[in-house]
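Undergrad: sequence-free structure coming up:
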């Protein structure tokens, strides 16, 4: 049994050389937003979900990106509505959000 039902990693990498990166798209804000939403929904903690920062996930051109484990589903998001949809559809109901999948 996994310690968490879902472990979600948000790339929050900031490149110093000016190359494309997820933090150019406010990735830290969206990671914080997702964590807050899960807490409000009482979906965080052991046996539930965990939201973490990640360094570069090496998919910069597709960014901002996040990945949901153990499902190994990668998403690209643009706004809070996308994060809400991923939470509701994937994390709550087990349905991959195909339109956001990368």
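TA: Received the coordinates, thanks. The structure presented is a predicted model; accordingly, all values stated were derived computationally and were not measured.

Undergrad: Quick check: chain neighbours aside, which residue is closest to the residue nearest the centre of the chain?
TA: The structure's the chain has its C-alpha centroid closest to residue 66; by CA atoms, centre = their mean the separation is 3.7 Å. Nearest residue to residue 66 in three dimensions, chain neighbours excluded: residue 10, at 4.7 Å (CB to CB, 6 or more residues apart in numbering). Any C-beta I mention is one placed from the backbone N, CA and C, and that applies to glycine too.

Undergrad: thinking residue 52 is in contact with residue 10, fair?
TA: Yes. Taking contacts as CB atoms under 8 Å, residue 52 lies within contact range of residue 10: 7.3 Å.

Undergrad: For those two, work out which one has more neighbours and name it.
TA: residue 10 (27 against 13; other CB atoms under 10 Å).

Undergrad: so who does the more buried one touch?
TA: Contact analysis of residue 10 by CB atoms under 8 Å, 6 or more residues apart in numbering lists 22, 27-28, 30-31, 34, 51-54, 64-66.

Undergrad: give me phi/psi at it?
TA: phi -100, psi 120 (degrees, to the nearest 10).

Undergrad: Over to residue 27?
TA: According to degrees, to the nearest 10, residue 27 has phi -60, psi -40.

Undergrad: got it, and the one 3 residues further on?
TA: The phi and psi values for residue 30, taken as degrees, to the nearest 10, are phi -70, psi -40.

Undergrad: Next up, the contacts around it.
TA: 10, 64, 66, 77, 80, 83.

Undergrad: Dump the residues you listed to JSON lines, plus distance to residue 101.
TA: Formatted as JSON lines, the contacts of residue 30 follow (distance: CB to CB, whole Å):
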{"residue": "10", "distance to residue 101": "16"}
{"residue": "64", "distance to residue 101": "14"}
{"residue": "66", "distance to residue 101": "11"}
{"residue": "77", "distance to residue 101": "11"}
{"residue": "80", "distance to residue 101": "18"}
{"residue": "83", "distance to residue 101": "14"}
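
Undergrad: Distance check, the residue of the chain most remote from its centre against residue 60.
TA: Note on the chain: the largest C-alpha distance from the chain mean falls to residue 17, namely 24.3 Å (CA atoms, centre = their mean). Applying CB to CB, to the nearest Å, the value for residue 17 to residue 60 is 11 Å.
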